[in-house]
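Asks: predicted coordinates and the sequence they were generated for:
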Amino acid sequence: MNFDRPRGLRQSMSWLHTYSGLTLGWLVFAIFVTGTLSFFRNEITFWMQPERHKANSDIVTFERALGVLESEAPNARQWTMTLPGPRNPTLGISWQNPQQNAQQNIRQTAIPNNNERRVPSDTDTVGRGNESNAGNAERRSPRRQGEGVEMSASAEGRPTRQGVADAERRGSRGNAERRTMQTDEGDEEELLSPRQSQNTLEQAQSRPQEQPQQQHGGARGVRLTLDPATGEKLGGRETAGGNFLYRFHFELYGMDRIWGRWIIGIATMLMFIAIVSGVIVHRNIFKDFFTFRPAKGKRSWLDAHNGCSVLSLPFHIMITFSGLLLFGNMMIPTAMQSAFKGDMDAYRQNVRNRMANFEYKPPAGERATMIEIAPLVAAAERTWKNRKAGSVIITNPNDKHAVIEVRQSSIGGSLVAGRSAAQSLYFDGVSGQSLTGADAAKPTTVQAISNVLILLHRGFFASPIPRWLLFLGGVGGSLMVATGLIMWRVARQKDQEKQQRSSGAGFRVVEGLNVTGIAGLMVAIGAYFWANRLIPADVVGRNDWEIRAFFIVWAITLIHAFTRQHKMAWVEQLAVAGILIGLLPLLNALTGGLALSASIGKGQWVVAGFDITALLMGVGLLYTTYRVYKYAPKTIASILTAGKASEKKTHEQGMPLPDTFTSDPRSSSFAQRSEESA
Amino acid sequence: MIKAHHRWMCFADHRPAMNISLRLFMAVFGGYGLALLCGAALASGLSFALAFDAVTFAVMIAFIVQLVAVIWVIAAATLVRAALGLIIPAAIFGAWLVAPQLVS
């Protein structure tokens, strides 16, 4: 299209749609696919640790778990139990070893009015990233160094402006600051600063999730995974798990995270532009949705693209816009700078979450028998009606001043209220008397809107059905991007055939990137799961090898896509992806996991769900392979002889093709050609 | 309608390569610049009970402003109109941002 000629809005938008979609389209596809899988991040990690599949979560025997804690960590000041839930059938226990915790204890007692929800248990806090920097540093730097080291380490990795802001904040705020950072309910603070939003993203790594590296590098905090019923310790291989896919989704890999986030942010903005301009192009958006003309080349791709896009359009808009909001303060830093005149202290102060207002007492040093936990959990769940308990945190265990906190699981939480709605009930550990203070403040309208968007994006609240809906939305989005990318190529191929031109370099690059970006990514994901099972469980640093396997395989598909003939590249890569992914249930059964029959029989839906999804995806990919293999592009001559009347009819129903899809929309339409020949 | 604006056309309007380059430049940098300005203006110019809310709201609107700016730049009939579509809102946001400081 030439901008120097008069043109309509839809023509301009069609151009904008095409090129905003194409520029980073392959990256957007990868973001969509990894993001879709990230809705089941915890489940994927669980699948990737077959040692734990046998966990039996029907009953939780708190006594057994307490027994393990008593024998393993008699001196710890705080014990945390992460209860099994629908997303992870194991029971996690964690504690901090007091001798390594001296620094923190001093700080705690130094704060006169310590209204912390709880003493930060190392694994927990870091896992949720509330100890912000620590959470951010954890992937790259070896974990569990001293906490000061962790904090400065992550400040280094950041561009100066932020690093300075961090340092200032830390310096000026001291203890008060730490207190906030340790509070668990950071959601209100979500969009505060790039750092802050990172933290909350990290939080998603939270609870049921195992942080395998922690077990190995654990200098301070210790975390064990138990069978909920028997209290038996479950090992678990080191794995990059679902977290790798999750992190790739928003900060890529192998580069400074701030760069990764900017690249993703730009891709998201392009996606946002592509979606909205696409909606403007489709004047007949409702009618188009019911139009599908199969086996008609470009038109069918167009219909498929429209179908995928329109079907879950609200999802696409929500997911891209909330994705932008998650990076809001990174991408639009001027907003918070102008509102707070650069005073980041005031900024954080402004949004500080009000915590449960009662004080933890230091341990009395007097031994006391604790009350049974199960009735407290049952009482808490009765109080909450339809919310389940997610974790139990015992402060000063077996002491006269023991406090037992029962915290809600995030599943089933209110979207509007944000994750801070994961309330806790506090009980005196000896008498069982309730200590609960006032509730957190209600969110304002703006907070409620951003909470809804962001929680939908992260799927925190979601019980299984909404989670699967989000997953399907993600699949629809992935297909939307994939069909769009393929359509660019299909549309231009026709032009090139017509004009007897040989393929240009740009055309060839798009072809190759399409194969690598779409089929190749599927191969790489399949390979990632295979690597998880084929790399021996006791290899040190095996999680890195899993990630390497992913990238090496992806690189091979790139080379393959550019060396093979286009159609064969598709066929071969789709076939390999289909086989790799479709055979995952078998691989799982053969390498120590719970076989599909057994997992269904036992009702172990986390494992069964993964296997069934993999099976369906494999079948889908193989079917696609078959269709691509059988596909013979129609020549213009064959189209001319095909049913003319029906062509004309469908043309009238459908929307006119915008001119980017053909060189000249009117004259090249099938219907008119049919008329001419007739 | 397009004819009526022909006196607003500048020489680059007639040169396809220059036309598209200038539009891309305006869409990328103009759109983002306008978003930054909008974020700053709204965050300090709107009175919410919590300043944090103003920031969140400003960021949301800024992204939408960027989107609309990009669409405008690509869709406008001439380059002058495309540029005006960036300059006028930029002037308004700029004035909104600076005005309180001038008063006090």
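Replies: Great, that's in hand.
Asks: does residue B:45 touch residue B:95 like I think?
Replies: No: the pair residue B:45 / residue B:95 is not scored as a contact, 10.0 Å apart, by C-beta atoms under 8 Å. C-betas here are computed from N, CA, C, even on glycine.
Asks: now the lengthiest helix in chain A: average pLDDT?
Replies: Longest helix in chain A, counting residues (DSSP state H): helix A:464-498. Averaging pLDDT along helix A:464-498 yields 87.
Asks: what's the helix or strand just after that helix packed up against?
Replies: Downstream of helix A:464-498, the first helix or strand assigned by DSSP states H and E is helix A:505-514. With contacts taken as 3 or more C-beta pairs under 8 Å, 6 or more residues apart in numbering or on different chains; DSSP states H and E, helix A:505-514 sits against helix A:464-498, helix A:542-563.
Asks: in contact with residue 43, which residues?
Replies: You didn't say which chain, so I picked chain A. Residues in contact with residue A:43 (C-beta atoms under 8 Å, 6 or more residues apart in numbering or on different chains) are A:87-88, A:242, A:606, A:609-610.
Asks: my question was about chain B, not that one.
Replies: Residue B:43 touches A:334-336, A:338-339, B:51, B:54-55, B:57-59, counting by C-beta under 8 Å, 6+ apart.
Asks: ramachandran angles for the residue sitting furthest away from the middle of chain B?
Replies: Most distant residue from the mean C-alpha position of chain B: residue B:49, 27.6 Å away (C-alpha atoms, centre = their mean). Dihedral pair for residue B:49: phi -60, psi -40, per degrees, to the nearest 10.
Asks: tell me how far it lies from residue A:321.
Replies: Remark: distance between residue B:49 and residue A:321 (C-beta to C-beta, to the nearest Å) = 24 Å.
Asks: now residue A:331
Replies: 12 Å.
Asks: just residue A:333 next, same as before
Replies: 19 Å.
Asks: looking at these two, which one has more neighbours?
Replies: Between residue A:333 and residue A:321, counting by other C-beta atoms under 10 Å in any protein chain shown, residue A:321 is the more crowded of the two (21 against 18).
Asks: so which residue is smack in the middle of chain B?
Replies: So for chain B, C-alpha atoms, centre = their mean, it's residue B:86, sitting 3.4 Å from the centre.
Asks: verify the contact between it and residue B:68 for me.
Replies: No: in this structure residue B:86 lies outside contact range of residue B:68 using C-beta under 8 Å: 10.7 Å.
Asks: can you tell me which residues in chain B are near chain A?
Replies: B:2, B:13-16, B:19-20, B:23, B:35-37, B:39-44, B:48-60, B:62-63, B:66-67, B:70-71, B:74-75, B:77, B:97 (C-beta under 8 Å from any C-beta of the partner chain).
Asks: restricted to strands, list the residues you listed.
Replies: Nothing among the residues of chain B next to chain A maps onto strands, per DSSP state E.
Asks: buried ones among those residues?
Replies: Buried subset of the residues of chain B next to chain A (neighbour count, 16 or more other C-beta atoms under 10 Å in any protein chain shown): B:13, B:19-20, B:23, B:35-37, B:39-44, B:48, B:51-60, B:62-63, B:66-67, B:70-71, B:74-75, B:77, B:97.
Asks: that older thread, out of the contacts of residue A:43, who's nearest residue A:477?
Replies: Closest to residue A:477 out of those is residue A:242 (18.6 Å), distances taken as C-beta to C-beta.
Asks: and the closest one, what element?
Replies: Counting by DSSP H and E, residue A:242 is part of helix A:241-251.
Asks: that helix packs against which elements?
Replies: helix A:25-38, helix A:41-47, helix A:257-281, helix A:521-534, helix A:542-563.
Asks: how far off helix A:542-563 does that helix point, in degrees?
Replies: Following axes from the mean of the first three to the mean of the last three C-alpha atoms, to 10 degrees, one obtains 60 degrees for the angle between helix A:241-251 and helix A:542-563.
Asks: only alpha carbons, please: show helix A:241-251 as PDB.
Replies: The C-alpha trace of helix A:241-251 is given here as PDB (Å, rounded to 0.1, in the frame of the first residue of the first chain):
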ATOM      1  CA  GLY A 241      10.000 -27.100  35.800                       C
ATOM      2  CA  GLY A 242       7.100 -24.900  34.800                       C
ATOM      3  CA  ASN A 243       9.100 -21.900  36.100                       C
ATOM      4  CA  PHE A 244      11.300 -21.800  33.100                       C
ATOM      5  CA  LEU A 245       8.400 -21.500  30.700                       C
ATOM      6  CA  TYR A 246       6.800 -19.000  33.000                       C
ATOM      7  CA  ARG A 247       9.900 -16.800  33.200                       C
ATOM      8  CA  PHE A 248      10.500 -17.100  29.500                       C
ATOM      9  CA  HIS A 249       7.000 -15.800  29.100                       C
ATOM     10  CA  PHE A 250       7.800 -12.400  30.600                       C
ATOM     11  CA  GLU A 251      11.500 -11.900  30.600                       C
END
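Asks: this completes my enquiry, with thanks.
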